[in-house]
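Novice: Next one to model:
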Amino acid sequence: MGASANLIVYLRKFLIVNIFTAGLVFSLSGCGLYKNLQETIDILTEGSGEEEINHVEIVNDDLNVPTALPEVIIEPEVSEEIITIDEESDNKEDNDERDTEQVMDTLSDISLEETLKAERYYAYHCLGDEEKKLYKLIYTSLMNFEEKTPMGTTDMEMIDNVFACVLADNPELFYVRGYNLIRFERGGVIEKLSLTGLFTMTKTDAIAHKERADAYVDRCLAGAPSGTDDYEKIKYLYEYIILNTEYDLKAENGQNFLSVFENGRSVCQGYATAMQYMMHKMGLFCTVVRGVTNNNENHAWNLVKSDGDYYFVDVTWGDITYNLSADEGVPENVDLPKVSYEYLCVTTEDIRATHRIDNYFDVPECVSRKDYYYVREGNYFESVSDQQLREVFDKAYAEGRNNVFIKCANKEIYDQMMNYLTVDGKIFNYLQGNINANYITLDNLNEMIFYL
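Specialist: Take a look at the predicted model:
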C-alpha cells in the first residue's frame, strides 16, 4: 500500500476518535469579518509520521449571529435653523437680488461644467437637470468653505439627496461632516433655503492635511504596476490599503481617507474613500456605495470599472483578521492570511449574498466575472482538474507566495475538491517537498486555503 493509501486509512480512523474544537468564532458581518465563525481544528497525522495535515475549518453562520459591533455612522450630519423673514435686518428685495446673482454665477461657471463631465462624477451624472444645478451650488459652496449659500429651491429632500451625491463623488471633501440648513420663513411658509457646510477644520488646516494625504498617495502609487491593465492596478491598491491599515472603530477621522493616509487606522467609510481617492489619482473610475450588511449594520464599499466592466470591491472585508488578536484563541500554528480576495471585483449577485445596497443614486448591474480575482488568477475551479491545480500551485511557488487560494464554483465542486485533496491525499502531488499540509476551509464560501 502506497503513502497515499496509508494516509486515507489513518485519516479516517483519526477523524473518528481525535477531533477537537476550539472556541474561536468569526463571521461575515458588520463592516467585515468579525467574531462568530466557528473554527474546528482537526490535526490529522499520517501513520508513518512522514506526512501531516493540519486543518482549520471556518464555518460562517452570519445569519444567526447577533449584532456585535457598534453601529458605524456613515450618513451626513444635518442641522436646521429657522429665520422669520419679517425679523431680518436686511431689505428682502436686496437679499433676493444678491441670492439670484450668486446662484447664476455658479451655474454659468464653464470650467465647473467641464470638470463635472468626467466619469468620476458618477453620482452627478445620475441626477436630473434641476438636481445637477443644485449639485453645482453645493459642490462650490463646500469646496470654497462658503457660508449661507442660497439653494435656489425649497425642496429639502432634494437638497439632502444631492448633498449625499456630492460627498459620494468627492472624497476630497474629507473636512465636511454634514450641513446646516437655514429656513427663511414668512407666516410659517418656507420662502428660501441657504446651506452652510459643517466643517471639521479650517480651510488652512484642510490644505495641510491634503498635502500630507497626497504625499502618502504618491508613495503608494510609486510602486503601482504600469501598463493598461486596470485589474492589476485595482488589486495593487486593494492589497496596499489592507496591508497598511488596521480596522479601528475609534479611529480619528474614521469617516474619511485621512484615517487611512495619516494614521493607518480606519473603518469602512475610510477604507472606501481611500480606495476611491487613489483610484481617481490613477485615472480609474471608482465611487462609494452605501448600504447595510445582512446584520443590518451600516456599511460602505466601492463600485469600480476594470477594463470596461463594472465590479464591486469591498476593501474592508478584504482583511479577514482585522479585529483578531493573539489572546482570542487563534492557535499558534495557524497563520491566517492577511488579505482575503473574496470581495475583489465581484458581481451584483455576489455582493447581494452579504450586502444590501441602499444608495442615493442607482448603481449598474455588475455581471462580468472576467476580472474577478479567482478567475483572473486561475484559482476558480469549475471542476476538479489536475492540470489546473498543478498550474496554481506551481505559480504560487514561482512567485514566492506562502499560500494558495482555491475557489470552487459551487458546493458540489467544493466537496469533490475536498475529497480529492484531503481524503484521497492528492494534495501532496502539488506541494513541493512538504511533508506537512496545512489548510483552512471556508465552507459557506466554497473556498480553501493551503499553506506552502
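Novice: what residue ranges in the stretch 301-450 of the chain score low on pLDDT?
Specialist: The stretch 301-450 of the chain contains residues with pLDDT under 70 at 320-335, 434.
Novice: go on, the stretch 151-300 of the chain?
Specialist: For the stretch 151-300 of the chain, not a single residue meets the criterion pLDDT under 70.
Novice: quick one, strands of it?
Specialist: Listed in chain order, the strands of the stretch 151-300 of the chain (DSSP state E, counting those that start in this stretch) span 176-186, 189-199, 246-247, 265-266, 286-293, 298-306.
Novice: Take those strands and lay them out in a markdown table including mean neighbour count.
Specialist: Quick note: C-beta positions are derived from backbone N, CA and C, even for glycine. As requested, those are exported to a markdown table (neighbours: other CB atoms under 10 Å):
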| stretch | mean neighbour count |
| --- | --- |
| strand 176-186 | 18 |
| strand 189-199 | 17 |
| strand 246-247 | 19 |
| strand 265-266 | 25 |
| strand 286-293 | 21 |
| strand 298-306 | 24 |
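Novice: now stretch 240-260: how far from the chain's centre is it?
Specialist: 12 Å (CA atoms, centre = their mean, to the nearest Å).
Novice: what's the span of it, first residue to last?
Specialist: The first and final residues of stretch 240-260 sit 11 Å from each other (CA to CA, to the nearest Å).
Novice: how far out from the middle of the chain is stretch 149-163?
Specialist: 29 Å.
Novice: again, but for stretch 444-452
Specialist: Using CA atoms, centre = their mean, the mean C-alpha position of stretch 444-452 is found 21 Å from that of the whole chain.
Novice: pull the CA atoms of it into PDB?
Specialist: Output of stretch 444-452 as PDB, limited to C-alpha atoms (Å, rounded to 0.1, in the frame of the first residue of the first chain):
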ATOM      1  CA  ASN A 444     -20.000  28.600   3.000                       C
ATOM      2  CA  LEU A 445     -17.700  30.400   0.500                       C
ATOM      3  CA  ASN A 446     -16.700  27.100  -1.200                       C
ATOM      4  CA  GLU A 447     -13.100  28.100  -0.600                       C
ATOM      5  CA  MET A 448     -10.000  26.600   0.900                       C
ATOM      6  CA  ILE A 449      -6.500  28.000   1.600                       C
ATOM      7  CA  PHE A 450      -3.400  25.800   1.500                       C
ATOM      8  CA  TYR A 451      -0.100  26.900   3.000                       C
ATOM      9  CA  LEU A 452       3.100  26.300   1.200                       C
END
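Novice: So what touches it?
Specialist: 59-60, 335, 337, 342, 393, 396-397, 401-411, 413-414, 417-418, 421, 427, 431-432, 434, 437-442 (CB atoms under 8 Å, 6 or more residues apart in numbering).
Novice: can we see that at 7 Å?
Specialist: Contacting residues not belonging to stretch 444-452 are listed as 59-60, 335, 337, 342, 396-397, 401-408, 410-411, 414, 427, 437-441 [CB atoms under 7 Å, 6 or more residues apart in numbering].
Novice: Which ones among those residues lie within strands?
Specialist: With DSSP state E as the criterion, strands contain 59-60, 403-408, 437-441 from among the contacts of stretch 444-452.
Novice: Show me the two of those that sit farthest apart.
Specialist: 60 and 437 (22.9 Å; CB to CB).
Novice: what about these two, which has more around it?
Specialist: Higher neighbour count among residue 60 and residue 437: residue 437, with 23 against 20, using other CB atoms under 10 Å.
Novice: picking up where we left off before, in CSV: the strands of the stretch 151-300 of the chain, plus distance to residue 259.
Specialist: CSV is the format used below for those (distance: least, CB to CB, whole Å):
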stretch, distance to residue 259
strand 176-186, 13
strand 189-199, 17
strand 246-247, 10
strand 265-266, 4
strand 286-293, 14
strand 298-306, 13
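Novice: so which of those strands gets nearest residue 319?
Specialist: strand 246-247 (6.4 Å).
Novice: Would you tell me which helix is longest in the chain?
Specialist: helix 203-221 (DSSP state H).
Novice: which helices and strands sit right next to that helix?
Specialist: helix 268-281 (3 or more CB pairs under 7 Å, 6 or more residues apart in numbering; DSSP states H and E).
Novice: Just the buried positions in the helix it packs on, please.
Specialist: 268-280 (16 or more other CB atoms under 10 Å).
Novice: give me every residue that touches residue 261.
Specialist: Counted by CB under 7 Å, 6+ apart, residue 261 has contacts 213, 216-217, 274.
Novice: okay, the residues you listed in TSV with distance to residue 122 next?
Specialist: What follows is these, written out as TSV (distance: CB to CB, whole Å):
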residue	distance to residue 122
213	21
216	24
217	20
274	17
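Novice: so which strand or helix has the residue lying closest to residue 430 once chain neighbours are set aside?
Specialist: Setting aside the residues directly before and after it, residue 430 is nearest to residue 393 in space (CB to CB, 6 or more residues apart in numbering), at 4.0 Å. If you go by DSSP states H and E, residue 393 is part of helix 386-398.
Novice: residues in contact with that helix?
Specialist: Residues contacting helix 386-398 (CB under 7 Å, 6+ apart): 378-379, 381, 404, 430, 432, 452.
Novice: now it against strand 403-408, angle please.
Specialist: On the basis of axes from the mean of the first three to the mean of the last three CA atoms, to 10 degrees, helix 386-398 is oriented at 150 degrees to strand 403-408.
Novice: quick one on the thing from earlier: please pick the buried ones from the ones in strands among the contacts of stretch 444-452.
Specialist: By 16+ other CB under 10 Å, the ones in strands among the contacts of stretch 444-452 give 60, 403-408, 437-441 as buried.
Novice: Just to check, residue 139 is in contact with residue 165?
Specialist: No: with contact defined as CB atoms under 7 Å, residue 139 does not count as touching residue 165 (9.5 Å).
Novice: out of these two, which sits in the busier spot?
Specialist: Neighbour totals were compared for residue 139 and residue 165, and residue 165 leads with 27 against 24 (other CB under 10 Å).
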